[in-house]
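Participant: coords please:
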Amino acid sequence: MIPLLILNMTDSIFLFSSPTKRCESKLCADNDVQGYPTIKYWINGDEHDYGGGRSFDDLTAFVSDELAAKCTFADVEKCSEKGKKYVAKWEKKTDDEKKKEIARLDSIAKTNLKADLKIWVLERKRILRSGIQSDEL
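Facilitator: Next up, the predicted model:
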């Protein structure tokens, strides 16, 4: 039997199966999980199969870009306190300054970071992109 980890991420739930042969539990059957790797998520009650990469960076980017509440310059209410402070720090900066910071964060993201720091680096990049007026990044 494959043990499952169910993570509740706001309105979405992921089902992760472990790398063994088959999933035979009722939970697996109810969610059409047949083996490794199976990742599913729900948005507004609609089930979706995740088809992206399985690396930490891929999953983090997917959750940040597709599932998480979006902290943006235009919608600060969806930001954490940390996000609100970051928006306040960068809202008066120019697009060029924001682009330079994104490039700096890109280089940081490529280093060996702890998971929580890596998530914050990716979140900052997404916040900055939301505040750039031009289409180029």
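Participant: tell me how this structure divides into domains.
Facilitator: Split into domains by automatic domain parsing, the chain comes to 4-49, 69-130.
Participant: count the residues that sit near the closest residue to residue 123 other than its chain neighbours.
Facilitator: Of all residues not flanking residue 123 in the chain, residue 64 sits nearest, at 6.2 Å (Cβ to Cβ, 6 or more residues apart in numbering). Where you see a C-beta, it was placed from the backbone N, CA and C, and this is true even at glycine. Neighbour count for residue 64, taken as other Cβ atoms under 10 Å: 16.
Participant: go on, residue 125?
Facilitator: When neighbours are counted by other Cβ under 10 Å, residue 125 comes out with 22.
Participant: A strand includes it, no?
Facilitator: No - applying DSSP: H, G, I helix; E, B strand; the rest coil, one finds residue 125 to be helix, outside a strand.
Participant: what's near enough to touch it?
Facilitator: Counting by Cβ atoms under 8 Å, 6 or more residues apart in numbering, residue 125 makes contact with 102, 105-106, 109.
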